[in-house]
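Asker: prediction below, plus the sequence it came from.
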Amino acid sequence: MAIAIYPGSFDPITNGHQDIIDRASSIFDKVIVSVLENPRKKPLFTVEERVEMLNLIAAKYPNVEVDSFHGLLIDYAKKKNSNIVLKGLRAIADFEFEFQMALVNRKLDPHLETIFMMTSNRYSYLSSSIVKEIAFFGGDISDLVPPEVYPLIRKKLQS
Ligand code: PNS
């Protein structure tokens with residue numbers, strides 16, 4: 001069974017992430033979308049909030065589940081019986097860092113394969129940071145994030 005781990009910060013999930021989840025769900029037997037609990041980053045949303053938002057999207061797919069992890073990705077993948085890491089690539093700018101991470105992960109665990117999916121053209125400019133920036137200054141993000149999570153983002157920024 002091909003189990004893919006789709007790791008990330010998802011702070012918050014964007015239409016670009018949703019597009020990757022949608023396409024991956026029809027390729028892999030199971031996709032585990034997993035939020036990194038990273039004490040070194042200062043996220044806007046708690047891990048629980050990000051998991052909640054991702055669950056709203058995952059609910060549409062019988063083979064997509066949501067989880068969170070801390071520590072090394074290779075250890076987490078082993079725990080989940082997966083040898084596939086799935087990453088979305090937007091632009092050439094993403095490539096260098098993603099390439100480095102893929103090689104580091106392969107060095108740490110030669111059995112772990114990183115698979116990249118190119119984002120759809122229409123989402124290539126999107127990132128969680130861009131969404132937060134626009135929302136923070138009162139811009140319209142309704143076209144940038146899934147409709148299910150839009151109210152949660154608005155609520156967070158008003159609190
Ligand atoms: O959405 P992001 O912030 O670009 O996701 C980055 C993530 C979570 C994929 C990456 O930081 C990660 O895998 N962290 C886990 C720690 C780890 O395994 N580090 C070694 C590989 S560089």
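Answerer: Great, that's in hand. Numbers count the residues shown, from 1 in each chain.

Asker: going by C-alpha atoms from here, please, whenever you check contacts or count neighbours.
Answerer: Will do.

Asker: what does the longest helix seen in the chain contact?
Answerer: As assigned by DSSP state H, the longest helix anywhere in the chain is helix 92-108. Here helix 92-108 makes contact (C-alpha atoms under 8 Å, 6 or more residues apart in numbering) with 73, 74, 89, 112, 113, 114.

Asker: buried set for that helix?
Answerer: Across helix 92-108, burial judged by 16 or more other C-alpha atoms under 10 Å covers 98, 102, 105.

Asker: follow-up on the earlier one: in strands, which of the contacts of helix 92-108 appear?
Answerer: Counting by DSSP state E, the part of the contacts of helix 92-108 found in strands is 89, 113, 114.

Asker: ok, and which of these reach the ligand?
Answerer: Near the ligand, judged by C-alpha under 6 Å from any ligand atom, there are no entries from the ones in strands among the contacts of helix 92-108.

Asker: just put these in a markdown table and tack on pLDDT and neighbour count.
Answerer: Converted to a markdown table, the ones in strands among the contacts of helix 92-108 look like this (pLDDT from 0 to 100; neighbours: other C-alpha atoms under 10 Å):
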| residue | pLDDT | neighbour count |
| --- | --- | --- |
| 89 | 94 | 19 |
| 113 | 97 | 17 |
| 114 | 98 | 20 |
